[in-house]
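[1] What shape does this take:
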Amino acid sequence: MKADPFAQLKLLDIAEIDARILQLRHQLKNLPESKQIAELQIERKKVDDTAIDFRIQRDDLAVAVAKAEKDVEAVRVRRTKEQARIDAGQVTNPKDLERLQAELANIDRRIGVLEDEELEVMEQLDEATKAAAGFDLKIDEFDARIQELTNARTERAADVERELASITADRGPAIEGMPADLMALYDRIREQSGIGAAELRAKQCGGCRLSVEPAELSRIRTAPSDEVIRHEECGVIMVRTAESGL
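    Okay, here's the model as predicted:
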């Protein structure tokens, strides 16, 4: 392919713009905050999974405490009722009175057992409640940090997008007047390898950073200035300049 040497030099400016566009797009996809947020979300889920277990335990214990309180109250009501019968003199038969007093003693023991069980469950509930609250606090801290990073990511992305829009706008004027066949070749190579053109500098390809073989250099030296040279190794368009070392 033939192309005006000046047009080939302009390819370097276009390649610089395209390289910056590629870099900025990569930055948008790989913002450091995104990685941090993802890591924090994984840790948050682990904490939340554990917190769920404690919340379930807490809720179950709250139900158990309510039941224990109800059981104690029911037995107390029964005792009060039986004691009232004795106090009112409703039980006059000595055997019945003795039986009732024995029953009251059993009720008192039952109340003691139930109160001990209630106290134990209440202590377990208190521990589970504190544990759940501790995990909830950790989750709040995770959420606050994630929100902080999300805000920072949004600001960083906005800065990158503004620069990307600006550099993308510069590409239009840069390619204006360029030969269509040269740009078609450049774009095809760029889509395949990420770099369409690079400077041949100090006998080295600016695209792959490999030194050009002597035989290839010899061919390039004798090639007309308007011939489009491609590196045999990476395929990019090598643009000759005064710094090429030919």
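[2] going forward, measure contacts and count neighbours with C-alpha atoms only.
    Noted.
[3] any idea which residue sits dead centre in the chain?
    Most central in the chain under C-alpha atoms, centre = their mean is residue 38, positioned 1.7 Å from the mean C-alpha point.
[4] What is the three-state secondary structure of that one?
    Three-state assignment for residue 38 (DSSP: H, G, I helix; E, B strand; the rest coil): helix.
[5] Just the pLDDT at it, thanks.
    Residue 38 carries a pLDDT value of 95.
[6] Distance check, it against residue 26.
    Between residue 38 and residue 26 the distance is 18 Å, computed by C-alpha to C-alpha, to the nearest Å.
[7] now residue 93
    Residue 93 is 97 Å from residue 26, by C-alpha to C-alpha.
[8] which other residues reach stretch 177-189?
    Stretch 177-189 has contacts (C-alpha atoms under 8 Å, 6 or more residues apart in numbering) with 3, 7, 195, 196, 197, 235, 236, 237.
[9] what about the nearest residue to the fourth one once chain neighbours are set aside, neighbour count?
    Setting aside the residues directly before and after it, residue 196 is nearest to residue 190 in space (C-alpha to C-alpha, 6 or more residues apart in numbering), at 4.0 Å. Other residues within reach of residue 190 by the criterion other C-alpha atoms under 10 Å amount to 19.
[10] So residue 115 sits against residue 72, correct?
    Yes: judged on C-alpha atoms under 8 Å, residue 115 makes contact with residue 72 at a distance of 6.7 Å.
[11] just to revisit the earlier point, please pick the buried ones from the contacts of stretch 177-189.
    7, 195, 196, 197, 235, 236, 237 (16 or more other C-alpha atoms under 10 Å).
[12] Surely the second one is in contact with residue 207?
    It stands for residue 195. Yes: Residue 195 is within contact range of residue 207, at 6.6 Å (criterion: C-alpha under 8 Å).
[13] shared neighbours, these two?
    Between them, residue 195 and residue 207 share the contacting residues residue 236, judged by C-alpha under 8 Å, 6+ apart.
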